[in-house]
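[1] Sharing a model that was predicted from the sequence below.
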Amino acid sequence: MEEKQMPKTTPGRKTTAILVTMLPEERARLESHAQEYGRPVQWVVRDAVRAYVDTVETKGDPRPEKLLLNVSHEPPTIRRSPGRPPKQRKERKAAK
């Protein structure tokens with residue numbers, strides 16, 4: 001049986017960075033919650049993930065049954081970020 005390897009960390013660090021993406025509305029909720037508790041956002045995320053994994057390991061999947069029944073094989077639609085607008089193509093002149 002293979003032994004699980006821990007992710008590599010930078011020498012001198014005890015934590016490993018992870019990239020989390022979310023909708024702007026969710027980010028705003030997260031930031032306001034972190035401010036309410038006087039903690040950094042990273043602390044709130046780390047604490048929430050730890051609590052979720054502990055719950056799943058002890059009690060199983062905590063999601064309601066109705067969520068499990070509505071499984072869709074269609075990928076979810078992801079809204080485009082309001083960043084840079086797409087390039088506009090120039091019209092080509094007709095060849096003579």
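    Done, it's in.
[2] So for residue 77, what's the pLDDT?
    With respect to pLDDT, residue 77 scores 73.
[3] That should have said residue 90, apologies.
    pLDDT, residue 90: 80.
[4] what's the top helix by length along the chain in contact with?
    In the chain, with assignment by DSSP state H, the single longest helix is helix 41-59. With contact meaning CB atoms under 8 Å, 6 or more residues apart in numbering, helix 41-59 is reached by 20, 30-31, 33-34, 37, 62. From N, CA and C alone the C-beta is placed, and that goes for glycine too.
[5] now do 10 Å
    15, 17-18, 20, 22, 27, 30-31, 33-37, 39-40, 61-63 (CB atoms under 10 Å, 6 or more residues apart in numbering).
[6] Below-threshold pLDDT in the chain: ranges please.
    1-10, 62-73, 75-76, 78, 80-81, 96 (pLDDT under 70).
[7] just the helices in it please.
    24-37, 41-59, 65-69.
[8] Mind checking those for the one nearest to residue 95?
    Of all these, helix 24-37 sits nearest to residue 95, with 46.1 Å by CB to CB.
[9] Who are the packing partners of that closest one?
    helix 41-59 (3 or more CB pairs under 10 Å, 6 or more residues apart in numbering; DSSP states H and E).
[10] in the helix it packs on, what counts as buried?
    residue 44 (16 or more other CB atoms under 10 Å).
[11] Report the distance from that helix to the chain centre.
    Centre-to-centre, helix 41-59 and its host chain are 14 Å apart (CA atoms, centre = their mean, to the nearest Å).
[12] swap in stretch 52-61?
    On CA atoms, centre = their mean, the centre of stretch 52-61 falls 19 Å from that of its chain.
[13] Then stretch 84-93?
    32 Å.
[14] returning to that earlier point: determine which of the helices of the chain approaches residue 90 most closely.
    helix 24-37 (32.5 Å).
[15] If you count neighbours, what's buried in the closest one?
    30, 34.
[16] Which residues does it contact?
    20-23, 39-45, 47-48, 79, 81-82.
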